[in-house]
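**Student:** structure for this input, please:
(chains A, B, C and D)
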There are 2 protein chains.
Amino acid sequence: MMKNNIFMSLYKDYAERIDDGTLPPGSKLPSENELAATYGASRETVRKGLNLLAQNGYINKVKGKGSFVLATGRLKFPISGLISYKELSERLGKPSRTLVYTTERVPAGDTIAKELQIEPEEPVWKVIRAREIDGERIILDIDYLLAEVVPHLTEDIAADSIYHYLEQELQLKISYAEKVISVEQATEQDYRCMDLGEDKHVVVVRGYVHLEDTTLFQYTESRHRLDKFQFVDFARRISREN
Amino acid sequence: MMKNNIFMSLYKDYAERIDDGTLPPGSKLPSENELAATYGASRETVRKGLNLLAQNGYINKVKGKGSFVLATGRLKFPISGLISYKELSERLGKPSRTLVYTTERVPAGDTIAKELQIEPEEPVWKVIRAREIDGERIILDIDYLLAEVVPHLTEDIAADSIYHYLEQELQLKISYAEKVISVEQATEQDYRCMDLGEDKHVVVVRGYVHLEDTTLFQYTESRHRLDKFQFVDFARRISREN
DNA sequence: GAGTGGTCTAGACCACGAA
DNA sequence: TCGTGGTCTAGACCACTCG
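**Tutor:** Residues are numbered from 1 along each chain as shown, chains lettered A, B, ... in the order given. Predicted structure coming up:
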């Protein structure tokens, strides 16, 4: 059951030590040769792990000098990338609650069918949840999942973590997602299900989630209150040499 | 002068063919062994190039089947990642113009000194530019660059591309950036320098850009009109084994 | 079973930084 | 010069898909 990738072990070892502050920003990691020795692995394998750390903003590699821990983690508590709300809130460690408004199996309908690229009659699971932080309903998540892929769903699962259920119970392999962030007029539903102030707008994060075989199986609208919305992105520059 | 990385050539070859539609979504790429043969390279080297394509949302790799072109590119015209406005507008192909309001060398001042983690007296270049698309000033970019790193700057450079100047002329190695997206009240300056409608808010993208040696040398505020703002993100799920 | 991608190895040569 | 990371190789074994 355990996965024994050496490079993934190395990645997790160091990601953890950097996250919890054992390795403070500016620290120097052991050289690739040293790591190869301590992990009993080849240098190329060590490099795979280190490159993963670099991509995710944990370290910076400098030719001739070594690998160094970045300070990014300090303000990394918000998030980019493909992560579930449960995983996120666990990292934040803030008092947080999920209110489930809807968990029902319905035909997709024209609008959603277009987003999921299916027929309007096709059955989907429709889940509506509000995320309450510090006593205010800040985020409204509206999820649509292909019923063909996810045959069963309950309010209890929706209240906990749908992703956890999909990956652990159904053994689905979630591969990648496209997200589009924009700002739109608040709807009637937004006013009803969230604690909006006077703002007429909400930030909308649309997510299109795909399985390993590229099946588009989930469409999500995550609607955020303007004043509480924040999105953090870490980006490396691709070399522009000719 | 030319950089001859084999894996980078492969990446650029296929990125281009996917961008321009020569390879439509769903197409199957040659197998890794075939690519190794045609590029006269080892399989590991080919895999480096393919993994880059996968990370950037061009392809999806499936064990036992092959690598396939994703449809993501179709709605990829907006952007995530670390890319200059000039590179972006060239991809979009829309009529676009840059208005330079300010190009001056000044002491950082308290606010900017804090963002750039320097002393308030330290000199910085302050550049203010509006981006006009379809005849409307949609984006207001306010850049601060360490004068110690960038000794000279002109309005002509600001009107063209600062990044191009930094990388090509000054040979600076831009490595990574953190971006934070949020929504804030529009300022007096926003109203003066942009064509805002009735909206009281703007989307603010703060960027902290670092060199290879992790020097923080640029702080940017990119202020966008609500109704024109869009941010696209491609994310792969990190395996959650264990 | 043949073909595919995923992981790993034990070497090699290079470019860069520091002493 | 020596240690560092960057690139590359030629092979190996595995897990998966498909006919």
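
**Student:** can you give me the distance of the residue lying farthest from the centre of chain A to DNA strand C?
**Tutor:** Summary for chain A: using C-alpha atoms, centre = their mean, the residue whose C-alpha lies farthest from the chain's mean C-alpha position is residue A:64, with a distance of 34.4 Å. With distances defined as C-beta to the nearest atom of the strand, to the nearest Å, the gap from residue A:64 to DNA strand C amounts to 3 Å. C-beta here means a position set from N, CA and C on the backbone, and glycine is covered the same way.

**Student:** mind listing the strands for chain A?
**Tutor:** Using DSSP state E, the strands found in chain A span residues A:59-62, A:66-69, A:96-107, A:123-133, A:136-146, A:174-185, A:201-211, A:216-225, A:231-236.

**Student:** same for the last one, what does it pack against?
**Tutor:** Contacts of strand A:231-236 with other secondary structure elements, assessed using 3 or more C-beta pairs under 8 Å, 6 or more residues apart in numbering or on different chains; DSSP states H and E, are made with strand B:174-185.

**Student:** how far away is the residue farthest from the centre of chain A from residue A:33?
**Tutor:** When distance is defined by C-beta to C-beta, to the nearest Å, residue A:64 is 14 Å away from residue A:33.

**Student:** quick one, domains of chain A?
**Tutor:** Each structural domain of chain A that the record assigns through automatic domain parsing is listed here as a residue range: A:6-74, A:85-228.

**Student:** buried ones in stretch A:24-38?
**Tutor:** Judged by neighbour count using 16 or more other C-beta atoms under 10 Å in any protein chain shown, the buried positions of stretch A:24-38 are A:29, A:32, A:35-36.

**Student:** correction: the previous question concerned stretch A:130-146.
**Tutor:** By neighbour count on 16+ other C-beta under 10 Å, the buried set for stretch A:130-146 is A:130-132, A:137-146.

**Student:** which residues sit against that stretch?
**Tutor:** A:85, A:89, A:94-99, A:101, A:108, A:112, A:115-116, A:118, A:122, A:124-129, A:153, A:162, A:189-190, A:193-195, A:202, A:215, A:217-225, A:228 (C-beta atoms under 8 Å, 6 or more residues apart in numbering or on different chains).

**Student:** also stretch A:16-36?
**Tutor:** Stretch A:16-36 is contacted from outside by A:10, A:14, A:38, A:41-43, A:45-47, A:49-50, A:53, A:58-59, A:66-71, A:73-74, using C-beta under 8 Å, 6+ apart.

**Student:** got it, and stretch A:171-181?
**Tutor:** Judged by C-beta under 8 Å, 6+ apart, the contacts made with stretch A:171-181 from elsewhere in the structure are A:82, A:149-150, A:163, A:166-167, A:203-212, A:214, A:217, A:231, B:57, B:60, B:72, B:75, B:78, B:181, B:229-237.

**Student:** so is it next to DNA strand C?
**Tutor:** No - judged by C-beta under 7 Å from any atom of the strand, stretch A:171-181 stays clear of DNA strand C, getting no closer than 10.2 Å.
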